[in-house]
Every structure is written in C-alpha cells, then in structure tokens.
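>>> 3D model of this:
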Amino acid sequence: MQLRAEALETHLGKTLAPLYVIASDEHLLALEAADKIRTCARKNGYTEREVLVVERYFNWGTLLNASQSQSLFGDRKLLELRMPGGKPGKEGGQALQSYVSGMTKSSVAEDTLTLITLPKLDWATQKSAWVSALQQAAVFIDIPLIERSQLANWIGERLAAQGQSAEKSALEFMVERVEGNLLAAHQEIRKLALLHPEGRLTFEQIQDAVLNVARYDVFKLSEAMLAGDIARLTRMLNGLKGEGEALPLILWAVAEEVRTLLKLKLAMNDGRPLPMLLKEYRIWGPREKMMAPALSRLKIHTLETALGQAAQIDRMIKGLRAKQFAGDVWDALLQLGLNIARG
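Numbers count the residues shown, from 1 in each chain. Next up, the predicted model:
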C-alpha cells in the first residue's frame, strides 16, 4: 500500500499496520514520519523497541531472530531496521523477502511492528524483487525531495501550522539563507514561534531572527549552473570558499557535470532521445528536469571550451601556471561556472 506522508497521521488515527517502510532522502520529513509511527506504536502497547542498522557484514539472520524473540515481560515490540545504504545485496534481498512472507504468521505479526527506513531508491533498485515484496506487504511511504522551487511554499505551510504567516519576499529570504537545508529551515521556523506571537510576521522580524544557516553543498553547484541561476551560483561559491571547502572536490564536481552535458549533447546530435539518455546516465530528481533547458542553451563548443578551462584550473590548484586566468583559483572557478550558466 502506497501512502503519502501527508496522509500518515490520518491513517494512524484509524489503524496500525504490522509493517511500515519509509524511503526518502529528506531526513527531516523521514524522521517526522517515523516519529509519528513510534508514537502511535507506544500508545498501542508496543513498549519494547529494538533497532538494527544494516552496515557492512550485517548478519541478516538477526532480523528474523529479533522478530521472533519474546520479551521477558510479554511486551509488544517495535522493531526498526535502518538501511542507510539502501541496497541490501543478494543475501539481504532474500532475507527481506523471507521476512515479509513470514509476517503472515501470527508469531511475527501479532506482537511485532516493523519499521524499515531507506534512502530514496533509484529506478533500478525500485524494480528489484525485495522492493516489490515490501511495496505489496507494507504501508510504503515514499517521501520526495522538497525542491528549491517548492521550499518557499513549504516554509509558508510550516509557519501557518504554528499560526504565523509572512509575505513572499520574506519567505524567499529564508529560502536563500537555508539553501535547501530542511533541518535548518525547521529550526528557524521554530525559532520564529518562540520569538513572536501568532499572526503576520514582517520582513524585518524574519531578517533579524534568521541566521545565515546555509550549508553549501558542492554537488548542488550543478543545479545552479544548469538552471542558469547566476546569483545562486555566485552565492554558493562564496559560501564554499568561506567554509574552506577543498578546491579539487569543487572542480571535480563542476567538471563532471560539464563532461556529462557534453556526452548528452553529442549523443542527441546523433539522434538519440534525451529521456533514454537520462536513464542511461542515471540522472533523476531536480537535475533531470533541468537538463533539457540547459542542453538547448549550451553549444558543443561552449562545453568543450569549459573542459579546457577546467584543465587550466586544475593546473592552478597544483601550483602551475595557467595562461587563461589572471586572477586566483576561486575567480577562475566562478568564471567557469558562469560560462555554463549563461551558455
């Protein structure tokens, strides 16, 4: 059974299933969903809790043993299986299928409630037998990423839930400060509830209260480049510089994006359809939606020149002379990013 995260509270008010699966890369939303299930489980007598974390060399036999072991006091148990890698391997996949099929037995289902948490599953993993087994047997909650374009509305909804509201410019100001970090956004929203009463918040109140809590992610530079968002690109590079991020990592992330764009552009020129290419290169999420506009904006010559610039920047990082750039490495990186963003 597929269930949207927004419908979970209503669902739990009516029933409690023996098996729940939460799949998401939005850690805040996944945590909130799991907390709702835990709270409901406690209210229904699942007072014992056991947590298993799937790491390297995890013994899958402990999953079945944990579900079958009885409490000394006869308490019901909440069994949590956390799979941060999202790929259990052949042995784990078979163990999960066996576990699901065994849940029809009263010894497992009556006294044990199972909660499995996963990261967002890629399209290939979604087609695996163990995922299909979980989707059929569990209440499966797939929580999508909150994209940057949706974040202002998300913040507005969270403010409304605590009886507050703000104008659009103030919401956008918060979006810029948290830079896609939902945990940071949540903290700032809760701070506003403590600082101000219910009602309309002014831009000045939000500006005074919200700190610059952005945690700049080097791998999100590509989103700014693909979207042609020059202001965001500049802000992120300045933020990464201020946080002391390693230059080789930033250059690698930018150069890899340029190489991918060039490969896609050349393949499209040979007549291959973009949707097929995106699957082949495993491009999904926000990047998938940005690829078509970016590729239509960029020319092959621009991308080839950008790769040459990346090679020159690599020489600068290594302390060698680069002919094309007179400034420092950060200026050169910004120039490279702007060339892609502008097309």
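>>> Neighbouring strands of the host helix or strand of residue 113 in the sheet, and parallel or not?
Using DSSP states H and E, the secondary-structure element containing residue 113 is strand 112-118. In the sheet containing strand 112-118, the strands it pairs with under DSSP bridges are strand 19-24 (parallel), strand 77-82 (parallel).
>>> got the CA positions of the first one in PDB?
Listed in PDB are the C-alpha atoms of strand 19-24, where the atom choice follows Å, rounded to 0.1, in the frame of the first residue of the first chain:
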ATOM      1  CA  LEU A  19       4.900  -3.200   8.600                       C
ATOM      2  CA  TYR A  20       5.900   0.300   7.500                       C
ATOM      3  CA  VAL A  21       8.600   1.400   5.100                       C
ATOM      4  CA  ILE A  22       9.800   5.000   4.800                       C
ATOM      5  CA  ALA A  23      12.000   5.800   1.700                       C
ATOM      6  CA  SER A  24      13.400   9.300   1.500                       C
END
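>>> Need the contact partners of that strand.
30, 33-34, 37, 86, 100, 103, 113-121, 134-135, 137-145 (Cβ atoms under 8 Å, 6 or more residues apart in numbering). To be clear about C-beta, it is placed using only N, CA and C from the backbone, and glycine gets the same treatment.
>>> hang on, the earlier thing: what residues does the strand holding residue 113 touch?
Identification of contacts with strand 112-118 by Cβ under 8 Å, 6+ apart yields 16-24, 30, 34, 37-38, 41, 46, 67, 76-83, 86, 99, 103, 134, 138.
>>> For stretch 317-336, measure first residue to last.
Distance between the boundary residues of stretch 317-336 (Cα to Cα, to the nearest Å) amounts to 14 Å.
>>> where does the spatially closest residue to residue 47 that is not a sequence neighbour land in three-state SS?
For residue 47, the nearest residue in space outside its immediate sequence neighbours is residue 75; the separation is 4.7 Å by Cβ to Cβ, 6 or more residues apart in numbering. State at residue 75, reduced to three classes by DSSP: H, G, I helix; E, B strand; the rest coil: coil.
>>> for residue 180, same thing?
In the three-state summary, residue 180 is assigned as coil, counting by three-state DSSP.
>>> Burial check on the closest residue to it other than its chain neighbours, number of neighbours?
Here the nearest residue to residue 180 in space, its sequence neighbours aside, is residue 148; by Cβ to Cβ, 6+ apart that works out to 5.5 Å. Neighbour count of residue 148, defined by other Cβ atoms under 10 Å: 19.
>>> Just the pLDDT at residue 148, thanks.
At residue 148, the predicted lDDT confidence score is 86.
>>> residue contacts, it?
Remark: with contacts taken as Cβ under 8 Å, 6+ apart, residue 148 is in contact with 175, 180, 223, 286.
>>> re the thing from before, just to check, the residue nearest to residue 47 is in contact with residue 42?
No: when contacts are counted by Cβ atoms under 8 Å, residue 75 is not listed as touching residue 42 (10.9 Å).
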